[in-house]
Structures are given as C-alpha cells and as structure tokens.
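1. Return atomic coordinates for the entry below.
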Amino acid sequence: MTLFVKKDLSAYAVRAASWHEDIQALRGIREAVFIREQGVPPELEWDEFDMNCIHALASNSAANPVGTARLLLDGSIGRMAVLREFRGKRVGTALMHWLLREAESRQMQHVTLNAQVQAIEFYKKFGFQVTGKAFLDAGISHVRMVLR
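-> Purely as a prediction, here's the structure:
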C-alpha cells in the first residue's frame, strides 16, 4: 500500500520497505538524523528488530527517500526519522498515517511508542496518550505513549 500526501507543490509517497532491499535508504536517513544530528551511538541505533519488523519509507516527488519509521509486530512504533530539510512538511504525518493503517490492517489492539519529549504534541494529534514519566534513551528524554 502506498499513501500520497500533498502540501503545496510537494508530494510524498509512503510505502512498505524491505530491510534487505531498501537498507541503504533506511540506514541513510537514520544515520543522518539519529547518529549525526542527535548523537546517538551507532551501537544503540542498530538492533535485532530491524530484520523482522515492518519498515515505512517516505519519498519526495523526485523519488528521493526523506523519512522512515518502523512498526514492530507487537505494535510498537519506533525509529521515526525525517531528514532535516523535510521537517514541518507533513512527512511525519504521512508516515504515521501509513503506520497506523498498517497496524489496523494487522488488527493490533494498541500501538505504543517511546516519543522524544519535544515530539509529544505531534503524537497527541493522532490520539496517543502519555503513560508514564520521562526517561532517558540514548541520552535523549523520552516518554512512553499509547494509542488504543
């Protein structure tokens, strides 16, 4: 399933991505955002879940990858990353709509995520609620959020 979102003259396509076939795009975005920009150590960024989860990949109208996120089979969303120059242009919104539709199609009863504190309001727009106190993950303040 591919989802298209338009704002102004830009269009974004979101599709399922394969860790094996799309690894260069998926890793490139996450390295740019998490490792280089936010200082997450590489050994904390890459884990055993990448091989077996559902990856979403957002591309711009020129078919260049601009954002990614993943959905674990337990209903956990994570590793949402949008390249700096595409933030505020609804790429994250397109990714979330795609992920939530995917979770619904798999009949997941609830979806959870660990949100960076500065992104809480973004996730609240989709109905997520904070379910605990802030904690550090890779040195960045996060909160647990859930959508039932």
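2. which SSE is Leu113 in?
-> Per DSSP states H and E: Leu113 is located in strand 111-116.
3. Next: Val14.
-> In the assignment (DSSP H and E), Val14 maps to strand 10-17.
4. Pull out the buried positions in that strand.
-> For strand 10-17, burial by neighbour count (16 or more other CB atoms under 10 Å) applies to Tyr12, Ala13, Val14, Ala17. (Each C-beta comes from the backbone N, C-alpha and C, glycine too.)
5. for stretch 136-148, same thing?
-> His142, Val143, Arg144, Met145, Val146, Leu147.
6. all strands in the chain, in order from the N-terminus.
-> All strands of the chain, identified by DSSP state E, fall at 3-7, 10-17, 54-59, 65-71, 76-82, 111-116, 129-130, 135-137, 140-147.
7. one step back: of all the buried residues of strand 10-17, which comes closest to Trp98?
-> Trp98 has its nearest neighbour among the buried residues of strand 10-17 in Val14, at 4.1 Å by CB to CB.
8. now the closest one: how far from Pro42?
-> From Val14 over to Pro42 the distance is 26 Å, taken as CB to CB, to the nearest Å.
9. Quick one: mean pLDDT for stretch 23-35?
-> Stretch 23-35 shows a mean pLDDT of 98.
10. just how off-centre is it within its chain?
-> Offset of stretch 23-35 from its chain centre (CA atoms, centre = their mean, to the nearest Å): 12 Å.
11. One more: stretch 59-73?
-> In terms of CA atoms, centre = their mean, the centre of stretch 59-73 is set 8 Å apart from its chain centre.
12. Tell me how many other residues surround Ala81.
-> 27 (other CB atoms under 10 Å).
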